[in-house]
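In: A structural model of the following input is requested.
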Amino acid sequence: MDQARRDRRRDGVVGISVQAQIVCGGHDYLVARLAAAFEEKRLGYGVAGEAAIFEVFVSASGTWTILMTDVKGQSCILAAGEGWEDTLATAVGQPGG
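Out: As a prediction, this is how the structure comes out:
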């Protein structure tokens, strides 16, 4: 990833005001911005009880984003970075687990 893309990612490229480094907005809008800006696609998701859904988006170049959507439908980017590596599922205590 070039320096300009790193800077835009750090500064909240999704075009929504950044407060405390967490970017929030409509789910469809944020997903579309991740696709357009970083070519990220959803890798998977998990449900946190009845409180939220957490999704992981990744790109072929290794960028990644964790998106949380609460029960009211508000979505927030909680973390983002570079260097995503796909791994095989491994049991805890085993090499790589």
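In: quick one: residues contacting residue 34.
Out: Neighbouring residues of residue 34 by CB atoms under 8 Å, 6 or more residues apart in numbering: 14, 40, 57, 65, 67. To be clear about C-beta, it is placed using only N, CA and C from the backbone, and glycine gets the same treatment.
In: can you redo those residues as JSON lines with secondary structure?
Out: Compiled in JSON lines, those are given as follows (DSSP: H, G, I helix; E, B strand; the rest coil):
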{"residue": "14", "secondary structure": "coil"}
{"residue": "40", "secondary structure": "coil"}
{"residue": "57", "secondary structure": "strand"}
{"residue": "65", "secondary structure": "strand"}
{"residue": "67", "secondary structure": "strand"}
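In: and which of the residues you listed is nearest residue 87?
Out: residue 57 (16.9 Å; CB to CB).
In: isn't the closest one up against residue 67?
Out: Yes. Between residue 57 and residue 67 there is a contact at 6.4 Å, judged by CB atoms under 8 Å.
In: overlap in contacts, the two.
Out: Common neighbours of residue 57 and residue 67, counting by CB under 8 Å, 6+ apart, are 31, 34.
In: checking my notes, residue 30 in a helix, right?
Out: Yes. Assigned with three-state DSSP, residue 30 falls within a helix.
In: what's across from the residue nearest the centre of the chain in the sheet?
Out: With distances taken as CA atoms, centre = their mean, the residue of the chain nearest its centroid is residue 65 (1.7 Å). Residue 65 forms beta bridges with residue 57, residue 80, as assigned by DSSP bridges.
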